[in-house]
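> need a structure here:
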Amino acid sequence: MGAVIWIGAGLTMLGVLGLALCVVLAVRAKRSGQSDAAIKQALQKVVALNLAALLLSALGLGAVIVGIILS
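Alright, predicted model coming up:
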């Protein structure tokens, strides 16, 4: 079950990196000086990426928990 824990940890780290990328993309969009409509469109894409990264992180944490319980 050690493999499940490590795979879950890897998925969690990928999710956290995705969340960090979302922060960077949102800050860039805000600082770009574009119109409100363009910023809104850019932030909508960031929200989709944010949800995917959050899901990946949650699945990874779930795998870690399952691996610990089964150990």
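
> for residue 34, which three-state class applies?
coil (DSSP: H, G, I helix; E, B strand; the rest coil).

> need the nearest residue in space to it, chain neighbours excluded.
In space, residue 34 comes closest to residue 42 once its chain neighbours are excluded; the distance is 7.7 Å by Cβ to Cβ, 6 or more residues apart in numbering. The way it works is simple: take the backbone N, C-alpha and C, and place the C-beta from them, glycine included.

> isn't that neighbour up against residue 30?
No - using Cβ atoms under 8 Å, residue 42 makes no contact with residue 30, being 9.0 Å away.

> between the two, which one's more packed in?
Higher neighbour count among residue 42 and residue 30: residue 42, with 16 against 12, using other Cβ atoms under 10 Å.

> ok, now which ones touch the more buried one?
25, 29, 32, 34 (Cβ atoms under 8 Å, 6 or more residues apart in numbering).

> report the buried members of those.
25, 29 (16 or more other Cβ atoms under 10 Å).

> out of the contacts of residue 42, who's nearest residue 54?
Using Cβ to Cβ, residue 25 comes nearest to residue 54 of the contacts of residue 42, at 14.6 Å.

> element containing the spatially most central residue of the chain, please.
The centroid of the chain falls nearest to residue 53 when counting by Cα atoms, centre = their mean (2.2 Å). Element membership of residue 53, judged by DSSP states H and E, is helix 36-70.

> give me the buried positions along that helix.
39, 42, 46, 50, 53, 56, 57, 60, 63, 64, 67.

> closest to residue 20 among those residues?
Nearest member of the buried residues of helix 36-70 to residue 20, counting by Cβ to Cβ, is residue 53, at 8.7 Å.

> OK, contacts around the closest one?
Residues near residue 53 by Cβ under 8 Å, 6+ apart: 14, 15, 16, 17, 18, 19, 21, 22.
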